[in-house]
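*Asks:* Let me see the structure of the following:
(one chain, ligands or ions: 2)
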Amino acid sequence: MSIQRPKGTQDIIPGTIEKWQFLEEQIRKICSEYGYKEIRTPVFEATELFQRGVGETTDIVNKEMYTFMDKGQRSITLRPEGTASVCRAYTENKLYALQQPVKMYYLGPMFRYEKSQAGRFRQFHQFGAEVLGGEDPLVDAEIICLIWDFFGRIGLKGLVVEINSVGCPTCRAEHRIRLQEFLQERKDDLCPDCQNRFTKNPMRILDCKNSSCQKLTENAPTTLDTLCVDCAEHFAKTQEYLNIAGIAYRINPRMVRGLDYYQKTAFEVTAEGIGAQNAICGGGRYDGLVQEIGGPATPGIGFAMGLERILSVMEKQSVEMLPEVEAPVVIAALGEAARQEGFRLLGDLRQAGMPAVMDLLGKGLKGQLKYADREQARYVLILGDDELARKMVIVRDMRLGEQQEIPLDQIKAFLLNHTKCEM
Ligand code: ATP
Ligand code: MG
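*Replies:* Residues are numbered from 1 along each chain as shown. Ligands and ions are numbered 1, 2, ... in the order given. Model prediction:
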């Protein structure tokens with residue numbers, strides 16, 4: 001049998017890659033407008049980074065990491081998310097010495113050993129951003145604005161932004177006590193995972209995907225019930241700024257999100273019509289994280305969105321996403337001498353910034369014209385021995401169906417002129 005790609009992975013092939021490139025272009029554009037700089041971190045890291053930076057009680061660390069020993073007996077993990085790496089890089093590269101806050105974004109593959117199903121892959125792609133060194137609620141609002149603005153620009157509809165405050169370690173301690181009190185008598189009916197969470201990190205129970213756990217915790221005390229003054233004020237201010245920005249959000253007191261280190265603001269964006277895996281973006285504030293992984297005490301907030309899920313929403317909503325691609329010039333050369341001249345001309349046109357291709361299989365004229373058709377060529381340059389002897393080339397305008405002869409030494413100028421007029 002032929003070798004197939006690993007379960008939960010995808011090939012992104014021509015025909016589909018254009019959609020990805022379109023998304024990536026939009027991402028780079030909006031990030032540059034909002035003043036976020038790109039950061040690229042390694043695709044693998046020391047396992048300990050995620051154990052500490054994502055948290056031992058999360059599903060990611062507990063169940064989903066691709067971890068292996070390398071040849072030097074180091075435990076390595078393929079990154080399951082981007083925040084921990086960005087915080088590590090912030091510390092390691094002393095970015096805390098720069099003007100704060102530092103606003104960065106990343107774009108790339110993440111790896112999680114999950115049951116592969118619709119909307120859930122083992123290698124998937126995230127666009128994420130992090131703001132480090134800013135604790136003002138304006139930072140929270142701005143980052144949610146970026147997300148909202150981004151989804152609007154790419155034309156997504158029917159999205160819901162939910163926000164919550166999960167409090168800080170001080171008020172969370174109070175919530176933990178109340179939650180454990182509430183769950184005490186229901187404990188035996190929780191799923192095995194949640195029974196485990198009960199002592200380790202009871203708040204995680206509110207995030208359980210299991211419907212019977214969700215039902216049991218329906219009326220559980222929420223973190224909003226126990227917010228301290230500082231956290232309550234932060235949450236109120238964040239909402240005030242979101243109102244100014246005109247963002248229609250919903251408060252969801254049950255949304256607690258995946259990371260162990262979230263503090264204060266947590267948020268999620270969901271989309272309709274893509275099935276059970278409907279979260280397209282999630283994020284939150286993680287003021288304790290940089291310190292947790294050995295850096296200076298630094299407030300932080302960030303989000304990550306799943307590009308596969310975004311593309312699937314775009315598909316469902318028939319969002320137009322194919323960028324205008326410039327039609328290429330195709331050179332059809334007949335005979336070896338013309339082929340050599342054509343090859344030279346090909347280089348010339350490309351140097352001038354024009355997309356240009358020629359047949360590489362030695363086809364006849366008919367085959368080359370068919371090839372030009374498939375490439376959706378705007379112009380075909382036909383070059384045979386006869387034209388070559390007269391230093392001419394036949395230019396066929398594929399849209400108008402007309403052709404004319406142009407001197408070889410004027411062809412570049414002609415095409416530059418004509419393709420420029422159209423743009
Ligand atoms: P979910 O609840 O769907 O498991 P999550 O809380 O694990 O999501 P995050 O860790 O917050 O997700 O990652 C941010 C985004 O990355 C998600 O909102 C989703 O769009 C995307 N994502 C997460 N896991 C996967 C996956 N296995 N395949 C595809 N996209 C994913
Ligand atoms: Mg998950």
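*Asks:* residues in the protein within reach of ligand 1, list them.
*Replies:* Within the chain, the positions near ligand 1 by C-beta under 6 Å from any ligand atom are 81, 112, 114, 120-121, 124, 126, 258, 277, 279-282, 304-306, 308-309. All C-beta spots, glycine's among them, are computed from the backbone N, C-alpha and C.
*Asks:* Filter the residues you listed down to the ones in strands?
*Replies:* Here DSSP state E is the test, and the residues of the chain next to ligand 1 give 124, 126, 279, 280, 281, 282, 304, 305, 306 as lying in strands.
*Asks:* Return the item of those having minimum pLDDT.
*Replies:* For these, the model is least confident at residue 279; its pLDDT is 90.
*Asks:* If I look at the closest residue to residue 257 other than its chain neighbours, what pLDDT would I see?
*Replies:* In this structure, residue 257 finds its nearest non-sequential neighbour in residue 266, 4.5 Å apart by C-beta to C-beta, 6 or more residues apart in numbering. On pLDDT, residue 266 comes in at 96.
*Asks:* One more: residue 323?
*Replies:* 61.
*Asks:* same question, the one 3 residues further on
*Replies:* In the predicted model, residue 326 carries a pLDDT score of 77.
*Asks:* Not counting its neighbours along the chain, what's nearest the residue of the stretch 51-200 of the chain found nearest ligand 1?
*Replies:* Ranking the residues of the stretch 51-200 of the chain by distance to ligand 1 (C-beta to the nearest ligand atom) places residue 124 first, at 3.5 Å. Nearest residue to residue 124 in three dimensions, chain neighbours excluded: residue 308, at 5.3 Å (C-beta to C-beta, 6+ apart).
*Asks:* The one you found - how many residues pack around it?
*Replies:* By other C-beta atoms under 10 Å, 18 other residues sit near residue 308.
*Asks:* Where do the strands of the stretch 51-200 of the chain begin and end?
*Replies:* 66-69, 75-78, 102-111, 123-132, 159-165 (DSSP state E, counting those that start in this stretch).
*Asks:* so which of those is the most packed in?
*Replies:* strand 123-132 (a mean of 24; mean count of other C-beta atoms under 10 Å).
*Asks:* Partner strands of that one and their direction?
*Replies:* strand 102-111 (antiparallel), strand 300-306 (antiparallel) (DSSP bridges).
*Asks:* Go ahead and produce CSV holding the CA coordinates of it.
*Replies:* Provided in CSV are the C-alpha atoms of strand 123-132 (Å, rounded to 0.1, in the frame of the first residue of the first chain):
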residue,chain,number,x,y,z
GLN,A,123,-1.6,19.3,13.2
PHE,A,124,-3.6,22.5,12.9
HIS,A,125,-2.8,26.2,12.4
GLN,A,126,-3.2,29.1,14.7
PHE,A,127,-3.0,32.8,14.4
GLY,A,128,-2.4,34.3,17.8
ALA,A,129,-1.2,37.5,19.4
GLU,A,130,0.1,38.4,22.8
VAL,A,131,0.6,41.6,24.6
LEU,A,132,3.2,41.5,27.3
